[in-house]
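Peer 1: Build me a model from this:
(2 chains)
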Amino acid sequence: MQTQTLVRRLTQIAAASVAATLFAANAYATDITGAGSTFIYPVLSKWSASYNAKTGSKVNYQSIGSGGGIAQIKAGTVTFGATDMPLKPEDLQKAGLAQFPAIIGGVVPVVNVAGLKAGEMKMTGAVLADIYLGKITKWDDAAITALNPGMKLPDAKITVVHRSDGSGTTFNFANYLGKVSPEWKTKVGEGTSVNWPTGLGGKGNEGVSAYVNQIKGSIGYVELAYALQNKMAFMKMKNQAGDYVEPSVSSFAAAAASATWAEPDFYEIITNAPGKASWPIAASTWVLMYKQPKDAAQSKEALTFFKDALEHGQAEAKALDYVSLPESLVKKIEAYWAANIK
Amino acid sequence: MLETTAMSARVEDKVAHDRDRREQRLDGLFRRVVMACALFVLVALLGAALSMLWGGKEAFQTFGPSFVWSTDWDAVNHKFGALVPIYGTLVTAAIAMVIAVPVSFGIALFLTEIAPGWLRGPVSAAIELLAGIPSIIYGMWGLFVFVPFLAENVYPWLDAHAGALPLVGPMFQGPPIGLGMLTAGIVLAIMVIPFISSVMREVFNTVPAPLKESAYAVGNTTWEVVWDIVLPYTRTAVVGGIFLGLGRALGETMAVTFVLGNAHQLSLSLLEPGNSIAATIANEFTEADSPVYISSLIALGFLLFVVTFIVLAIARLMLSRLSRQAGSHA
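Peer 2: All right, here's what the predicted structure looks like:
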């Protein structure tokens, strides 16, 4: 009787451990690895947690920065890379990569001027470019007071704050300034880090928001989530249609909806978007994957994950102040997968 | 009886002989092991320097020697130069040493000569604890506590008073934003004080008591004893401790990144933001998107090596000249 129970117990343990090994091996086989953009990381980790709960597959994502993500996918060490700065279609062709957007975010200029609350100051792209070029140096400059009649602005120096690290946020900000200011385009240009004519650099969104919160008379730019969560004094921006809009999930969504996404490989930067409700400095993060992957099973698993995230991950994105892709775009991306990724 | 003693003596001889040989062998082995340990340092140093030189090859080839004195830093047009980071590194380290060396000397002097016995233990332990705080903590403290304090209370005063002085005035003119090279230098000083002061304290304790007691006996003050007896006796070790702190100040990354302002601009004013070599690398390496950009950052790392080497070499030269002077004086 006792030996029987013992034998049964032993068989149970053996069966359980065999099952565990099999399960572990199974889970390992479908693990997806990715690397890149820090911007997409919070929502991606939410998505992967719920995907893990549904399917048992894990997504290991290293938020090492867009440049690192591009390098890793080109080296073939990850299943997907993520970048805030899209690769040009010819570069994709050369590397054998496919590219599609996964999330919409954006950049919000914020200020620290005594007595000024969020959404009170109005700003245009051209004036913002002149501030960042160092041409407008005082808050009571005629260019700023003309946009804000009746507002009492101090005779104080403007301290310009930018990112010190290379960043997709900087890329989108510089891209927008280049679209609205020819001088910015020729003098500075666009990139994940640029040669700033003036100002000081904070490391990361948290660095910039810390600097802006501490330095009186400063202006900076951060991602929407940082501006909202830190209750920073953001500005209303004039969009391409000539209307002043506030940064919010809905004005970002309007910008994303106004984009046509007709370019090959979704190479479209959605700054300065048309449409009356569009936020002018909206941005997207792209995912890079091989068209003919070495490990087809992992690539397929990654696509299943992104399909799930794009179709069902809207609530999670919204909770983190991200904007999910419009339905029509998701349809387009799924068609793109079918046509391009084997 | 006699035979057995002789035999045992022979046996003992043989045993002693064997033991000698074995000890000689062990001694040889020991020597080689410790030599390997020492060589490892040299190999690691050389390997690090060469691999950085190799990584920075493209930058040196593209920009030539002007890489060292060019102030360009333009990732969009792929133009890079190292002068701004080198300048920032040297200036912040210099400020740190100007503050840290006297303060550390004071701490060590107090602890070894003046402090009552019950106070020595706790203060020494506190200093060692300070040395163990990670640099990011210093950086965050600097940014969230120290920077606002300086911006509100210290820098406006400096700008108004010291900024008006002749000659040194331009060094203290600037917007009171609280960030900049002076702030970075002060935070660095706080970080290196534990290193320098604990070395000084250790070596001050090695001074033979009779030397000091004789000096006190002939009526010297504490200051005279420290300056004329303790310091000359421990000079080499004290300078070694200062080198240790200087090396850390030159290479410190995280804390400096937080409070330096990270702006690629050359400015005489210590209140203006600047950049340092280590901070530039830490900030920009992850997103460096072109080969020449990455290469320029690695070349910066190599230049930090060179700068540190030159600074330490100059310090050693000064030390040897000093000791020769002291010799001739005696």
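
Peer 1: Just say helix, strand or coil for whichever residue of chain A sits closest to chain B.
Peer 2: Closest residue of chain A to chain B, Cβ to the nearest Cβ: A:G166 (2.4 Å). All C-beta atoms are positioned from the backbone trio N, CA, C, and that covers glycine. Look at A:G166: counting by DSSP: H, G, I helix; E, B strand; the rest coil, its state is coil.

Peer 1: Make sure it is actually in contact with A:S193.
Peer 2: Yes: between A:G166 and A:S193 there is a contact under Cβ atoms under 8 Å: 4.1 Å.

Peer 1: joint contacts of those two?
Peer 2: B:A75, B:E284, B:E287 (Cβ atoms under 8 Å, 6 or more residues apart in numbering or on different chains).

Peer 1: Can you report how many residues lie near residue 264?
Peer 2: Because you didn't say which chain, this covers chain A. Close neighbours of A:P264, defined as other Cβ atoms under 10 Å in any protein chain shown, add up to 13.

Peer 1: Switch to chain B, please.
Peer 2: B:H264 has 23 neighbours, counted by other Cβ under 10 Å.

Peer 1: Now do the strands in the stretch 51-200 of chain B.
Peer 2: Here the stretch 51-200 of chain B has its strands, by DSSP state E, counting those that start in this stretch, at B:73-74, B:79-80.

Peer 1: Save the ones you listed as a markdown table, and put in distance to B:P273 and mean neighbour count too.
Peer 2: Listed next are these as a markdown table, based on distance: least, Cβ to Cβ, whole Å; neighbours: other Cβ atoms under 10 Å in any protein chain shown:
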| stretch | distance to B:P273 | mean neighbour count |
| --- | --- | --- |
| strand B:73-74 | 14 | 20 |
| strand B:79-80 | 19 | 18 |
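
Peer 1: Tell me which of those strands lies nearest to chain A.
Peer 2: Nearest of these (Cβ to the nearest Cβ): strand B:73-74, 3.7 Å.

Peer 1: Get me the contact residues on the stretch 51-200 of chain A for chain B.
Peer 2: Within the stretch 51-200 of chain A, the positions adjacent to chain B are A:64-68, A:70, A:85, A:157, A:159, A:164-167, A:188-196, A:199-200 by Cβ under 8 Å from any Cβ of the partner chain.

Peer 1: Please flag which of those residues sit within strands.
Peer 2: A:T159, A:L200 (DSSP state E).

Peer 1: I'd like to know which of the residues of the stretch 51-200 of chain A next to chain B are buried.
Peer 2: For those, a burial check counting by 16 or more other Cβ atoms under 10 Å in any protein chain shown picks out A:64-68, A:70, A:85, A:159, A:164-167, A:188-196, A:199-200.

Peer 1: which residues touch the residue of chain A closest to chain B?
Peer 2: Contact partners of A:G166, counting by Cβ under 8 Å, 6+ apart, are A:65-67, A:191-193, B:75, B:283-284, B:286-289.

Peer 1: Determine the three-state secondary structure at the nearest residue to it once chain neighbours are set aside.
Peer 2: Leaving aside its sequence neighbours, A:G166 sits nearest to B:E287 (Cβ to Cβ, 6 or more residues apart in numbering or on different chains; 2.4 Å). Recorded secondary structure, B:E287: coil (three-state DSSP).

Peer 1: swap in A:N60?
Peer 2: Assigned with three-state DSSP, A:N60 falls in the strand class.

Peer 1: ok, so what distance separates A:G56 from A:V43?
Peer 2: 21 Å (Cβ to Cβ, to the nearest Å).

Peer 1: again, but for A:M123
Peer 2: Look at A:M123 and A:V43: by Cβ to Cβ, they are 28 Å apart.

Peer 1: Thank you kindly, that will do.
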